[in-house]
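Colleague: Give me the fold of what follows.
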Amino acid sequence: MNTHILKSKSLIAATCLAACLSFNAMAEEEDNSGLGFSAKVGTLGPGLELDYRFNDYFNVRLQGNSYAYDDDFEEDGIDYTGELDLSTYGLLVDWRPFAGTFRFTGGAYSNSNELRGSAESDGTDEFEIGDQEYRGSSSDPLRLQTSVTLGSGTAGYFGLGWGNSDPSGFMFSFELGVLFSGAPEVELDYSGTAVRADGQGSSFDVNGSSAEAQTFRAEIDTEVANLEEDISEFEMYPVIALGIGYRF
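Modeller: You can find the predicted model right below:
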């Protein structure tokens, strides 16, 4: 009986000691916590970030990135005038296994990255569409409008990075990661009049019901598949980012 009581007292004492140590650790972590604000620039575009530091090992970040710019690009034999629209919002958790500058990061982004482009042939330019070449006419040019959604609406993220982890003061960071955005989806709209570039057949309305128009639309389906294959590497979008901020 006495032995049982002694064991119980020892267990209670050990539990109290553990609770005290846990309380002290939490107090220390509380003293080391802090809210930070950063500006970032990288392959997701420029962005802003809120960063809450729990302790030397963990912090959580809320991030938003947005950027749009015009550019010309060539895909599958067609020159497009286009715009790349980058828009992502993320919730990220950092783990510093050594309580230092190095960190692992995991999380998820709301992904609205999109590429849009247009091309027009008035008879001088030839478009390679699918396995055939076409050109438009001066009176009714052949117009193509493409929209490329670079992945699904929600994308996972994994990365690693470096940055000072002090409870307060200026923050500097560098990050490498991968946005698992998923397979891109391509839409290709068309209008106008076309004729085969090899001179076979006559001109036709691309939205008409003629045999030439039906063949053209089949080639459009092939072109969409070719485009999706050409940009399939965007299933994993590379992320490189630099940041500077301040923790209060």
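Colleague: going forward, measure contacts between C-alpha atoms and count neighbours the same way
Modeller: Fine.
Colleague: Give me the below-cutoff pLDDT ranges for the chain.
Modeller: Within the chain, the stretches with pLDDT under 70 are 1-32.
Colleague: Domain boundaries for it, per the record?
Modeller: What automatic domain parsing lists as the domains of the chain is 1-31, 34-247.
Colleague: Check the separation of the first and last residues in the longest one.
Modeller: The reference is to domain 34-247. 6 Å (Cα to Cα, to the nearest Å).
Colleague: chain center to it: distance?
Modeller: Domain 34-247 sits 7 Å away from the centroid of its parent chain (Cα atoms, centre = their mean, to the nearest Å).
Colleague: sorry, back to before: let's have the domains of the chain in TSV, adding mean neighbour count.
Modeller: Shown next, in TSV, are the domains of the chain (neighbours: other Cα atoms under 10 Å):
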stretch	mean neighbour count
domain 1-31	12
domain 34-247	18
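Colleague: would you list every one of the helices in this protein?
Modeller: Using DSSP state H, the helices found in the chain span residues 2-31, 211-230.
Colleague: Distance of residue 144 relative to residue 127?
Modeller: Counting by Cα to Cα, the gap between residue 144 and residue 127 amounts to 10 Å.
Colleague: swap that for residue 213, please
Modeller: From residue 213 to residue 127 the distance is 15 Å (Cα to Cα).
Colleague: And for residue 156?
Modeller: Residue 156 is 37 Å from residue 127, where distance means Cα to Cα.
Colleague: Also residue 183?
Modeller: On the measure of Cα to Cα, residue 183 and residue 127 end up 25 Å apart.
Colleague: bridging residues for residue 186?
Modeller: With DSSP bridges applied, residue 186 shows beta-bridge pairing to residue 148.
Colleague: List the contacts of it.
Modeller: 146, 147, 148, 149, 224, 227, 228 (Cα atoms under 8 Å, 6 or more residues apart in numbering).
Colleague: again with residue 187
Modeller: 146, 147, 148, 224.
Colleague: outside of stretch 96-116, which residues touch it?
Modeller: Outside stretch 96-116, the residues that touch it by Cα under 8 Å, 6+ apart are 56-58, 82-95, 145-165, 181.
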